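*Asks:* Sequence and predicted model, in that order:
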Amino acid sequence: MGLSTIFDIAGSGMNAQSVRLNTTASNIANAESASSSTDQVYRGRHPVFNASFVAAMNKSGTSLPQDEAVGVHVAGIVESDAPLQRRYEPDHPEADEQGYVFYPNVNVVEEMTNMISASRSFQVNVDVMNAAKQMVQRVLTLGQ
């Protein structure tokens, strides 16, 4: 594995955590948005990640082509299937005929935990990139 591969892996991790941070921020921003029907209410969203890798050798012992992706990529963003919050608030402007208002299935505490985790994961990938950059700089100074 070359140093450029390390940059690719760390970069893909930073990209994935950015998507995670954005979806978490969207969930928090819409956590208290009310609706009168279950069809119109916001549902929490979560990214789905897949690992990508290249095997170093195939069965015959020869190297495989290095043009395949390495790291992690976002396979998609899915809506949460957790139940929506139904609250009895007859004075709310969005209340239905029975006086109920539907709120998103977003747990703000859980989303804050996801945000902290994504932020720390992003920072770890930054640290990996910085360490790899320092290694490249030290290798370049060996010839002096």
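*Replies:* Structure received.
*Asks:* Let me see the mean pLDDT of stretch 26-45.
*Replies:* Mean pLDDT, stretch 26-45: 92.
*Asks:* quick one: terminal-to-terminal distance for that stretch?
*Replies:* End-to-end distance for stretch 26-45: 8 Å, by CA to CA, to the nearest Å.
*Asks:* Give me the buried positions along that stretch.
*Replies:* 26-28, 30-31, 34-36, 41-45 (16 or more other CB atoms under 10 Å). For every residue, glycine as well, the C-beta is placed using N, CA and C.
*Asks:* just stretch 93-100 next, same as before
*Replies:* Within stretch 93-100, the residues scored as buried using 16+ other CB under 10 Å are 94-95, 100.
*Asks:* circling back to that earlier point, is it possible to get CSV of the buried residues of stretch 26-45 that adds secondary structure and distance to residue 10?
*Replies:* Listed next are those as CSV, based on DSSP: H, G, I helix; E, B strand; the rest coil; distance: CB to CB, whole Å:
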residue, secondary structure, distance to residue 10
26, helix, 25
27, helix, 26
28, helix, 27
30, coil, 31
31, coil, 31
34, coil, 41
35, strand, 40
36, coil, 46
41, coil, 38
42, coil, 33
43, coil, 32
44, coil, 28
45, strand, 25
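*Asks:* Show me which of those is closest to residue 136.
*Replies:* Distance to residue 136 across those (CB to CB) is lowest for residue 26, with 36.6 Å.
*Asks:* I'd guessed that closest one sits against residue 45; true?
*Replies:* Yes. Counting by CB atoms under 8 Å, residue 26 does reach residue 45; the two are 6.5 Å apart.
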